[in-house]
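S.K.: need the 3D shape of this:
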Amino acid sequence: MKQCLPCKVIQNIPINKEMFRLEFSWPGSVVRAGQFVMVKPQRSAVFLPRPLSVAFWKDDVIGLLIQRKGQGTEELANLQSGEDAELIGPLGNAWADFLPAVSGSKARGLKPIALVGGGVGIAPLLALSCELPKGSFDFYAGFRTAFCSQEEKELLLGQSLAGVSQFIISAEEITDNGSGFNAGVQHGRIPSFLDPEDYAAVCACGPEAMLRAVAEKCTAADIPCYVSLERRMACGVGACLGCTVATAEGNRRCCADGPVFPAGVVL
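M.R.: Okay, here's the model as predicted:
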């Protein structure tokens, strides 16, 4: 149930020069993986709130993974513990509205689900990883540059991947700094490492070029693919029609009809 709630910043954790993790108190209703919230700090020079995917929700705390993109996210990056903000949500649909039932793991001979995230697009997939049964999914995370420290890796990916059966990290740029932190990071783009035929379904979120490449591979393999899309939003509830997504079934609103869509219907 959508609510407009006053919330307090619990902590704001810088991850690297591009991303940070913001945690708020959350007195609202249960959040489902794939949903998002509209966030506006109490002290703000920006008229509209920012739509942000929920990365985790637990014990009355909501966590967001955010990339610096402009004035709005820069304001969020400067929030301090104890400051007030207004959060509207939870909004949108959820991965579970589309996913086939997952009742087992690869250990039992069942195909897992692939979670494919690019950059900050890993956020709604981290939330999904908390809902799926242990051992029922593989996680692919792609970044422009590799991690420069173990702490950065842990802050980005969190502790929610305890149930993952396979974890693949890739980066377009890898610099060997002699620290060993980039060990195990594959060079290249995530779609290059994905074979959809290994999975019962694929869930993806990230840059549209990545989503297009993943969707095309899934279509060729006849494997269900679901994508979480990002659009500029003014209201978050479908009233302003400013976040239109062109689909084979006509125009849809990313906020109210999404943000999760079957990849096959998105034009």
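S.K.: quick one: the helices in the stretch 1-150 of the chain?
M.R.: Counting by DSSP state H, counting those that start in this stretch, one finds helices in the stretch 1-150 of the chain at the ranges 71-77, 123-131, 150-157.
S.K.: can I see the domain layout of the chain?
M.R.: 3-91, 95-228 (automatic domain parsing).
S.K.: name the helix or strand for the closest residue to residue 144 other than its chain neighbours, please.
M.R.: The shortest distance from residue 144 to any non-neighbouring residue, by C-beta to C-beta, 6 or more residues apart in numbering, is to residue 172 (5.3 Å). Backbone N, C-alpha and C define where each C-beta goes, glycine included. Using DSSP states H and E, residue 172 maps to strand 166-173.
S.K.: tell me, how many residues neighbour the residue nearest to residue 144?
M.R.: Residues near residue 172, counting by other C-beta atoms under 10 Å, number 13.
S.K.: so it makes contact with residue 189?
M.R.: Yes. Under the criterion of C-beta atoms under 8 Å, residue 172 makes contact with residue 189 at 6.3 Å.
S.K.: which residues do those two both contact?
M.R.: residue 142 (C-beta atoms under 8 Å, 6 or more residues apart in numbering).
S.K.: still on that earlier bit, for residue 242, find the nearest of the domains of the chain.
M.R.: domain 3-91 (9.7 Å; C-beta to C-beta).
S.K.: so for the closest one, what's the average pLDDT?
M.R.: On average, the pLDDT along domain 3-91 is 91.
S.K.: measure that domain end to end?
M.R.: End-to-end distance of domain 3-91 (C-alpha to C-alpha, to the nearest Å): 9 Å.
S.K.: contacts for whichever helix or strand comes after the strand holding residue 172?
M.R.: As assigned by DSSP H and E, the chain's next helix or strand after strand 166-173 is strand 186-187. If you take C-beta under 8 Å, 6+ apart as the criterion, strand 186-187 is touched by 168, 169, 170, 171, 172, 174, 193.
S.K.: now with 10 Å, please.
M.R.: By C-beta atoms under 10 Å, 6 or more residues apart in numbering, the list of residues contacting strand 186-187 from outside reads 140, 142, 146, 168, 169, 170, 171, 172, 173, 174, 192, 193.
S.K.: now that the fifth one has come up, it's in contact with residue 152, right?
M.R.: In other words, residue 169. No. Applying C-beta atoms under 10 Å as the test, residue 169 and residue 152 come out as separate, 11.8 Å apart.
S.K.: so for these two, which residue has more residues nearby?
M.R.: Per other C-beta under 10 Å, whichever of residue 169 and residue 152 has more neighbours is residue 169, with 20 against 16.
S.K.: for that one, give the beta-bridge partners.
M.R.: residue 141 (DSSP bridges).
S.K.: what's in contact with the longest strand belonging to the chain?
M.R.: Secondary structure of the chain per DSSP state E: the longest strand is strand 3-14. Strand 3-14 is touched from outside by 19-29, 37-39, 41-42, 49, 60-63, 66, 76-91, 152, 155, with contacts defined as C-beta under 10 Å, 6+ apart.
S.K.: can I get the domains of the chain in a markdown table with distance to residue 238?
M.R.: Shown next, in a markdown table, are the domains of the chain (distance: least, C-beta to C-beta, whole Å):
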| stretch | distance to residue 238 |
| --- | --- |
| domain 3-91 | 9 |
| domain 95-228 | 16 |
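S.K.: go through the ones you listed and name the closest to residue 239.
M.R.: Of all the domains of the chain, domain 3-91 comes closest under C-beta to C-beta, at 12.0 Å.
S.K.: with adjacent residues omitted, what lies nearest to residue 191?
M.R.: residue 213 (4.0 Å).
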